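[1] give me a 3D structure for the following:
(chains A, B, C and D)
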Number of protein chains: 2
Amino acid sequence: MSLGTTIRVTRQRQVLLDELCKLYTHPTADELYQIARKRLPRISLGTVYRNLELMAEHGMIQKLEVGGTQKRFDGNAAPHYHVRCLKCGRLDDLNLPLDLDLDRQAGELTDFTILRHSLEFTGICPACC
Amino acid sequence: MSLGTTIRVTRQRQVLLDELCKLYTHPTADELYQIARKRLPRISLGTVYRNLELMAEHGMIQKLEVGGTQKRFDGNAAPHYHVRCLKCGRLDDLNLPLDLDLDRQAGELTDFTILRHSLEFTGICPACC
DNA sequence: GTGTCTGCAAACCATTTGCATCGGT
DNA sequence: ACCGATGCAAATGGTTTGCAGACAC
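    Sure thing, here's the model as predicted:
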């Protein structure tokens, strides 16, 4: 975590944020690395991970804590829901309104202080059948 | 996947299922390995992973696709929701009724065929503050 | 000039897998 | 006896980290 220090505007940072915001595919770190390489051939995977982590900490992007082996990233920082295809792993946004009442209901049933929730649907995408 | 073959009743399988069903902590594979070792000192971590995977495929237990670096397992095979502590990672059951209407609503907003959903709350547990 | 950021390579850690042997049926 | 299951150790794959040089400010 580095919330106390200055964030410098580097070329790598600019390109990563720019490319991530252009995509609606919720790419993995490696997918974004492959894309960024076209503009910055010498960028390293380590830099991609460090910057995605940093930008997520600062609320500029979202690190999605969803199913699957790899983490995915979302240029849209506003909380929203997703659908994942069971067969191909494709992850789409879902236009279902955020249900903030869920947090209140959950809070009444537990001793935890509820901060937020994440909701992910699983299904089969049109391309997979 | 091995849904077409016979499942044998081995001592390792019995112990793992028995111990998992006694716990309400949603252990990781390694935590369950440490517990099982007390009864079967020669059991291997590979066997733990293989059996948890197999039992999940057969619907005897649940593999939880939730946040965090390690997968967690639940001896309760019936779908239900969870709360995770942001600080210590503790994962508790949440007594909120399963909302099956969510799948219907989601289905109307996407081309995916919705099969199920997972809902995880994030908060701070009483022990952490 | 100072302190952050980068590329590179090595390290890490959860999980998976190949293989010879064991054991349930 | 057959074939699935096990223990062991090595391999895998995503992610993190240490370090010396580069760059933003």
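
[2] biggest strand in chain A by residues?
    strand A:113-124 (DSSP state E).

[3] each with direction, which strands does that strand pair with?
    Strand A:113-124 has its sheet partners listed here by DSSP bridges as strand A:81-85 (parallel), strand B:113-124 (antiparallel).

[4] so which of those is nearest B:V83?
    Closest to B:V83 of the strands paired with strand A:113-124, according to Cβ to Cβ: strand B:113-124, at 4.3 Å. The C-beta positions use only the backbone N, C-alpha and C, and glycine is treated the same way.

[5] could you report the neighbour count for A:L115?
    12 (other Cβ atoms under 10 Å in any protein chain shown).

[6] relative to A:L100, how far out is it?
    12 Å (Cβ to Cβ, to the nearest Å).

[7] got the strands paired with strand A:113-124 as JSON lines, with distance to B:C88 and mean pLDDT columns?
    Listed next are the strands paired with strand A:113-124 as JSON lines, based on distance: least, Cβ to Cβ, whole Å; pLDDT from 0 to 100:
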{"stretch": "strand A:81-85", "distance to B:C88": "26", "mean pLDDT": "96"}
{"stretch": "strand B:113-124", "distance to B:C88": "9", "mean pLDDT": "96"}
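
[8] just say which of those strands is most tucked in.
    Across the strands paired with strand A:113-124, the average number of neighbours (mean count of other Cβ atoms under 10 Å in any protein chain shown) peaks for strand A:81-85, which reaches a mean of 22.

[9] hmm, the helix or strand hosting A:Q14 touching DNA strand D?
    In this assignment (DSSP states H and E), A:Q14 forms part of helix A:11-22. Yes - Helix A:11-22 lies within reach of DNA strand D by Cβ under 7 Å from any atom of the strand, at A:R11.

[10] from memory A:L98 sits against A:Y81, does it?
    Yes - counting by Cβ atoms under 8 Å, A:Y81 is a contact partner of A:L98 at 7.5 Å.

[11] give me the neighbour count for A:A36.
    Around A:A36 there are 21 other residues, counting by other Cβ under 10 Å.

[12] give me the average confidence score over whichever strand or helix holds it.
    Assigned by DSSP H and E, A:A36 falls within helix A:29-39. Mean pLDDT, helix A:29-39: 98.

[13] got the angle for that helix vs helix A:11-22?
    Angle of helix A:29-39 versus helix A:11-22, following axes from the mean of the first three to the mean of the last three Cα atoms, to 10 degrees, is 120 degrees.
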